[in-house]
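> Take this sequence and fold it.
(chains A and B, ligands or ions: 2)
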Amino acid sequence: MEAVKTQDVTANDLSWQIQYQHDRCTLCGRCLAACSFRAIEAVMEKRLVGLPTENQPAYRIMPAIRQKNSLTEACVGCGMCEKVCPNQAIRPVKNPYSRQNLLARAGGSPIKRGGRDNLHQDRTLDKIVVGRISQMTDPSLDAERHTFDILAPFGRILPPHELPFKNDGHSLQAEGQTPPVNWIYPVIFGDMSIGALSARAWEALALAVAYLNEKHHMPVRMSSGEGGMPQKLLGSEQLKYMILQIASGHFGWNRIIQAIPRMKADPAGILIKIGQGAKPGDGGLLPAAKVAEHIQAIRGVPKADLLSPPNHQGLYSIEESVQKMFLSMNAAFKFRVPVAIKCAASATSVSVYNNLLRDPYRICGGFLLDGIHGGTGAANEVSMDHTGHPVISKTRECYLAAVKQGRQGQIPLWAGGGLGLTGNAAADAFKMICLGANGVFISRILIQLMGCIGNEQGRCNACNTGKCPTGICTQDPRLVKRLDVDRAAANIVDYMLALDYELRKLMAPIGNSSLPVGRSDALISLDKDVADKLAIQYAC
Amino acid sequence: MCRIGAIKSKVPFHPSRALRLMLPQQEGHDNSGFAMVMQDLDGVFAGYKEQPLLSLACTQNGLKLVKDFMDASGFMPVKEYIPRVNRVAGLDIKAMPHYVFRAYDYPEYFRDRSRPEKEELLLDTRLELRRLLSENDSGYVFSFWPDVLTLKEIGDPKDIAVYFRLWDDNGALMAKNIVTQCRQNTNYDIVRYAAHPFFLQGYTLCANGENTFYTRNKEFQLSLHRGYTGFESDSQNFLYTLHYVLHELKWPISYYKHVITPLPFEEIQQRSDRRELDLIRQSLGHLEINGPNTIIAMLPDSRIMTCCDSKKLRPVVIGGDETTMAIASEVCGLQAILPHRDESRDIYPGEREVVVITPELEVERWKQ
Ligand code: SF4
Ligand code: SF4
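Ligands and ions are numbered 1, 2, ... in the order given. Okay, here's the model as predicted:
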């Protein structure tokens, strides 16, 4: 008798199982072509077709589609096969009995993936409600007709007594230089690099930003992500919609500096990335597989794994960071472009923020806090699921720390990481703003709008593999072609228009025509602990 | 909605005039109180214009606490006015046992100090008295300032007038300026300090409406100045901002409105002073009000000012003749005290307008 191979992997061990109905299948082969993960294969199956008679056997050898019993080629549930099947003959189904977590690690290396964490589904923001509605004595506004003033500062704000005003008794005249400040839409498109994203996906984002600015007069800004940007864009007027990022790998930065003399417009800002919410304390990695030719050109690197170290080498204190890094970034653009910093939310965020606030040179022009729910690129699963800090309480603490010193607003606070997780970024942004953020940044929801089908229940999240089935975060030209740039950009534009409308729909009932930064009295929480922690009203 | 008002006259007048301004507007208030700040005094305090005047409502114990404290600080009482109250049965009034209006000489060692130094001393003294009285639950100190008298009382304004004999014009209490309010208490937990007008270092202010940015105003003001305390009302924010802009930053008065109701970004961009306005909006964004309000304020030089919120959700009207100008929430108030004025010259300020009445009763108007 054959020995039972108990340790072999079967489809039932994997996270996703393929349901295949051979009686619906016409063997067109489209699913095979569509599966970028090679999780299915064409096989010949021996099937019973009735009772055997003398001149006919009871079985027939038939072609069929079958899931591979392989960890390296496991189905990720992306559903592309289902999408291309003309007959609804195939689809992935989540397997509740999966052992993939165990088996994959038993291979000796940690699991890496993209997407979001799989554990933290319980969101604080969903326990907060806008509870203070204007009635009668302070009438609510008409969201349709009233004009709203929805802009947030990006740049260092001087305290009132330090404004360089000459006062002749009748009027004030500003003299000398002040730190650069750009008023922008309170939602920034977060940093996703060309490299992490396909050139087409990145182009779709940039297109959406230009469209929002030029056709809808919404001054949305987009962060480039680490790794530079195309020379053509660096030399174009549209650069003013871009926030250029520099991270610990300094990829692409050299070319940006070289392009400065040719720049027609100043960028909207510089963003120094210290850390990110998905993998706090971790650097970045662009696997060699994704370092396509155009990325080599933009970054000025050969085809190799591109590692950004977890820290900015050679900087050992906040003060030093401020002095060296910020100053040089400021100087690079002759102090005309605001320089901000992005850190992963952490137990120490408030100390860092306090320290920046007290910097006598006043050169940090924004503090972007990235929470545990954030994340797009490749990360170790263990980091994604088990490290980081929710962004809400940290943003609130930073704001209140500034309040204590009367310095609120001097370094604008921007919060991100899981905002828009449930599809409604406007409500999330509004609540964060009431808690003290000047604005928010969103990323993951943008790629979802472009067509990413990954989610928090472990669907797809294969951003690190270079096999992104939607063409968003791969450099494989065959896959990249799947992405319809115009449609992706249009989706984002449409979403932002809806978001803008929804923001008004939230500002109007509380009677505010400008952003309610710090209006914590507008919020209530149905959870006592949340209310206490955030210093907002508890209601039941 | 509260009704508010102010009267400014070239000739001293009696507080009954302020009551006559307010009472016809009664519909807006619920009779939970009456308050006024008088400035440029005549009557009993006519000869004491340089001496700081303490306005106090307190218990017996409070009297003693204040006396001991003032003695210890070196302030010498020089003139006192104790209202002879009329204790008629059935009055709707929650009166305190004692009302004291007392002028002091500065402590010996302070007499030759500069005006700013004296201003700081007076503020610190009032804050200290306030702390002392509230710690012992013994009373309220409303103002301590030269040539300024404050009365605040809880109850029906008519009964308050009867109690303090405010209808009897006996010449004791007279002033050229009065800012006043009949209150509407929406919270019913009546705090005496919450009654407008509020006063700080020569600045008097009352407002009607709600400040939807109260929390963020308050959070910012708390660290700006030690005098910004209390926050019993949405409207205290306006006073502190006025004080901050004019007294602390020493900016021209035209910038006050730019701080509390900044122009929309698009409009700022079209102005020649866009750089200044932009910097102000950046730096003082937390003092924006963004709620329905009308403000009436009096400055240390006795100019009276009014302006509205940027949505113009609360009414206000200004009118007068050669000797007297008044500001009221409702035109019926003006009608009551200035029936013969030229009504066609009444001013209903717009949402971007500021109106100032100078000591010479000239009216200055400008658009923000
Ligand atoms: S769901 Fe995606 S990964 Fe799974 S078999 Fe279909 S195409 Fe391949
Ligand atoms: S569709 Fe692409 S971007 Fe979305 S989770 Fe999958 S691999 Fe990542």
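> Report the contact partners of A:Asp486.
Applying C-beta atoms under 8 Å, 6 or more residues apart in numbering or on different chains, one finds that A:Asp486 lies in contact with A:204, A:207. No exception for glycine: its C-beta is placed from N, CA and C like everyone else's.
> Just confirm it is within a helix.
Yes - when the secondary structure is assigned by DSSP: H, G, I helix; E, B strand; the rest coil, A:Asp486 falls within a helix.
> longest single helix anywhere in chain B?
helix B:115-135 (DSSP state H).
> Tell me which other helices or strands the following helix or strand past it touches.
Past helix B:115-135, further along toward the C-terminus, the next helix or strand under DSSP states H and E is strand B:139-146. With contacts taken as 3 or more C-beta pairs under 8 Å, 6 or more residues apart in numbering or on different chains; DSSP states H and E, strand B:139-146 sits against strand B:52-58, helix B:60-73, helix B:115-135, strand B:148-153, strand B:198-200.
> got these as a markdown table, with mean neighbour count columns?
Putting the helices and strands packed on strand B:139-146 into a markdown table (neighbours: other C-beta atoms under 10 Å in any protein chain shown) gives the following:
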| stretch | mean neighbour count |
| --- | --- |
| strand B:52-58 | 24 |
| helix B:60-73 | 15 |
| helix B:115-135 | 16 |
| strand B:148-153 | 25 |
| strand B:198-200 | 26 |
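> Relative to A:Met136, which of these is closest?
Using C-beta to C-beta as the criterion, the shortest distance between A:Met136 and these is 24.2 Å, found for strand B:198-200.
> looking just at contacts, which helices and strands does the closest one meet?
Against strand B:198-200 (3+ C-beta pairs under 8 Å, 6+ apart) you get strand B:139-146, strand B:203-209, helix B:236-243.
> hey, least reliable of the ones you listed by pLDDT?
Mean pLDDT is lowest for strand B:203-209 among the helices and strands packed on strand B:198-200, at a mean of 92.
> List the strands paired with that strand, with their directions.
In its sheet, strand B:203-209 lies beside strand B:198-200 (antiparallel), strand B:293-298 (antiparallel), with partners assigned from DSSP bridges.
> Export those as CSV, with columns for mean pLDDT and distance to A:Ser443.
Below are those laid out as CSV (pLDDT from 0 to 100; distance: least, C-beta to C-beta, whole Å):
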stretch, mean pLDDT, distance to A:Ser443
strand B:198-200, 95, 47
strand B:293-298, 95, 40
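> Can you add distance to ligand 2 and give those back as CSV?
Converted to CSV, those look like this (distance: least, C-beta to the nearest ligand atom, whole Å):
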stretch, distance to ligand 2
strand B:198-200, 58
strand B:293-298, 50
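> Contact partners for A:Ala489?
When the contact criterion is C-beta under 8 Å, 6+ apart, the partners of A:Ala489 are A:204-205, A:207-208, A:211.
> buried subset of these?
When the contacts of A:Ala489 are checked for burial by 16 or more other C-beta atoms under 10 Å in any protein chain shown, the buried set is A:204-205, A:207-208, A:211.
> Over in chain B, which residue gets nearest chain A? Let me know.
Taking C-beta to the nearest C-beta, chain A has its nearest neighbour within chain B at B:Ser223, 2.9 Å off.
> what's the burial count for the residue lying closest to that residue once chain neighbours are set aside?
Spatially, and ignoring its direct neighbours in sequence, B:Ser223 is nearest to A:Gly406 (2.9 Å; C-beta to C-beta, 6 or more residues apart in numbering or on different chains). The local packing of A:Gly406 (other C-beta atoms under 10 Å in any protein chain shown) involves 17 other residues.
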